[in-house]
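> have a look at this prediction, sequence included:
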Amino acid sequence: MSKSASKVVIAGGSGFLGQALSASLLDDGYEVVILGRSDKSGLKGEFVKWDAKTLDSWSQQLEGSLAVFNLTGRSIDCRYTEKNKASILNSRVDSTQILGEVIKKCEEPPKVWLNASTATVYKDIRGDLEPHDENSETNAEGFAEDVGRAWEKVFFGSSREGVRQVAMRISIVLGEGGGAFPVLRRLTRFGLGGRQGPGNQWMSWLHLDDWVGIAKFLMKNPQISGPVNLASPGPVTNAQFMKAMCKEFAPMGIGFPAPTPAILVGSVIIGTDSNLILKSLKVVSRILSEHNYPFKFPKITEALNSLH
């Protein structure tokens, strides 16, 4: 491969998911460029500054590249003030919009553009109902759901002939160094690892190693385009998940539950969305199954056991 033909650009690549992906791509021999607002010590990949909303010299990095990943977006782990909600939405929409403008202007555009999205666009389902897949409707109501739809509308509205597009509808990613898992493990070790709310809400999840594996799988597979659910084939209920957490990390294998009223009150006090915990999200990927992606961690027990 020529240098440009092996270049992968990761916008918003300095975070938890981006750095895991960048490290693996570098190990595979790719050139990796990280588009970010500020350089960080120990960053994996060549840093190039951008503000995620205006054209500048960073746009040259996309010319002749193999792939562009867009993982840009303000963390949802914040108080849901109107200002923060606007920032959560705009950080995703603006970055996607400007990348689309640059790709349309490229003389030699990237072969594939993979944009982050969210699995929360699907409706809450409980019990033994079949899980959602990529054929399911994305008409769930709520702030996070609205953000997901707006994100994908801009993404697929920025198409260019010859550039394959994949919207990665990412579920909860479990791994060291970021995301929800370190917090949940810490709570479990302190004896607070019981079920959250009713416990019957489904949880779709993905091990960090499979996030990396799927991202590279989608990048390399020219037959896959459109929305793809990034979720393990084994969704679990919250009660099952917390029981597995306690078995792995609780000192005595037990944890005190967090009742629904406590979660609702707590979400009001800290100004966040209780649906981050209480929504039932039962999602799998028909596309990854049809294309025989080999999950490294298809079961929650194996995934948690690897994260000691």
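It's in.
> if you count neighbours, what's buried in stretch 201-212?
By 16 or more other CB atoms under 10 Å, the buried positions in stretch 201-212 come out as 201, 202, 203, 204, 205, 206, 207, 208, 209, 210, 211, 212. Bear in mind the C-beta positions are built from the backbone N, C-alpha and C, glycine included.
> ditto for stretch 298-308
Within stretch 298-308, the residues that count as buried by 16+ other CB under 10 Å are 300, 303, 304, 306, 307.
> in helices only, show me the buried residues of stretch 201-212.
208, 209, 210, 211, 212 (DSSP state H).
> surely the first one is in contact with residue 176?
Yes: here residue 208 reaches residue 176: they are 7.3 Å apart, a contact under CB atoms under 8 Å.
> and residue 274, what pLDDT?
Looking at residue 274, its pLDDT is 59.
> can you map out the helices along the stretch 51-200 of the chain?
With DSSP state H, counting those that start in this stretch as the criterion, the stretch 51-200 of the chain has helices at 82-105, 143-156, 181-189.
> output the contacting helices and strands for the first one.
The criterion is 3 or more CB pairs under 8 Å, 6 or more residues apart in numbering; DSSP states H and E, and the helices and strands that helix 82-105 contacts are strand 67-70, strand 112-118, helix 143-156.
> repeat the analysis, applying 7 Å as the threshold.
The contact analysis (3 or more CB pairs under 7 Å, 6 or more residues apart in numbering; DSSP states H and E) places helix 82-105 against strand 67-70, helix 143-156.
> name the residues that touch the last one?
For helix 143-156, the external contacting residues (CB atoms under 7 Å, 6 or more residues apart in numbering) are 76, 85, 88-89, 92-93, 96-97, 115, 117-118, 120-121, 138, 165, 167, 273.
> could you flag which of these are buried?
Listed as buried from these are 76, 85, 88-89, 92-93, 96-97, 115, 117-118, 120-121, 138, 165, 167; burial here means 16+ other CB under 10 Å.
> and which of the residues you listed is nearest to residue 238?
Top of the list for closeness to residue 238, among the buried ones among the contacts of helix 143-156 and by CB to CB, is residue 120 at 15.2 Å.
> sort out which of the buried residues of stretch 298-308 are in helices and list them.
Applying DSSP H to these, the entries found in helices are 300, 303, 304.
> quick check: closest non-adjacent residue to the last one.
In space, residue 304 comes closest to residue 248 once its chain neighbours are excluded; the distance is 4.7 Å by CB to CB, 6 or more residues apart in numbering.
> low-confidence ranges in the chain?
Along the chain, segments meeting pLDDT under 70 span 1-4, 262-276.
> give me the most central residue, it.
residue 170 (3.7 Å; CA atoms, centre = their mean).
> tell me which residues touch that residue, please.
With the criterion set at CB under 7 Å, 6+ apart, residue 170 makes contact with 116, 117, 118, 119, 230.
> about what we covered before: run through who's touching the one helix or strand the residue nearest to residue 304 maps to.
Per DSSP states H and E, residue 248 falls inside helix 238-249. By CB under 7 Å, 6+ apart, the surrounding residues in contact with helix 238-249 are 184-185, 188-189, 193-197, 199-201, 203, 253-255, 300-301, 304-305.
> quick one: buried residues of that helix?
238, 239, 240, 241, 242, 243, 244, 245, 246, 248, 249.
> ok so, going back, most packed of the helices and strands packed on helix 82-105?
The highest mean neighbour count among the helices and strands packed on helix 82-105, using mean count of other CB atoms under 10 Å, belongs to strand 67-70: a mean of 27.
> relative to residue 207, how far out is residue 24?
Residue 24 sits 13 Å away from residue 207, going by CB to CB, to the nearest Å.
> what about residue 91, how many neighbours?
18 (other CB atoms under 10 Å).
> closest one of the buried residues of helix 238-249 to residue 60?
Of those, the one sitting nearest to residue 60 (CB to CB) turns out to be residue 241, at 44.5 Å.
> do a quick rundown of the strands in the stretch 151-300 of the chain.
Counting by DSSP state E, counting those that start in this stretch, the stretch 151-300 of the chain has strands at residues 164-170, 172-174, 202-203, 205-207, 226-230, 236-237.
> now do the contacts for residue 164.
Applying CB under 7 Å, 6+ apart, the residues near residue 164 are 111, 112, 222, 225.
> tell me the buried residues within these.
Applying 16+ other CB under 10 Å to those flags 111, 112, 225 as buried.
> and of these, the nearest to residue 19?
So of these, ranked by how close each gets to residue 19 (CB to CB), first place is residue 112, at 20.5 Å.
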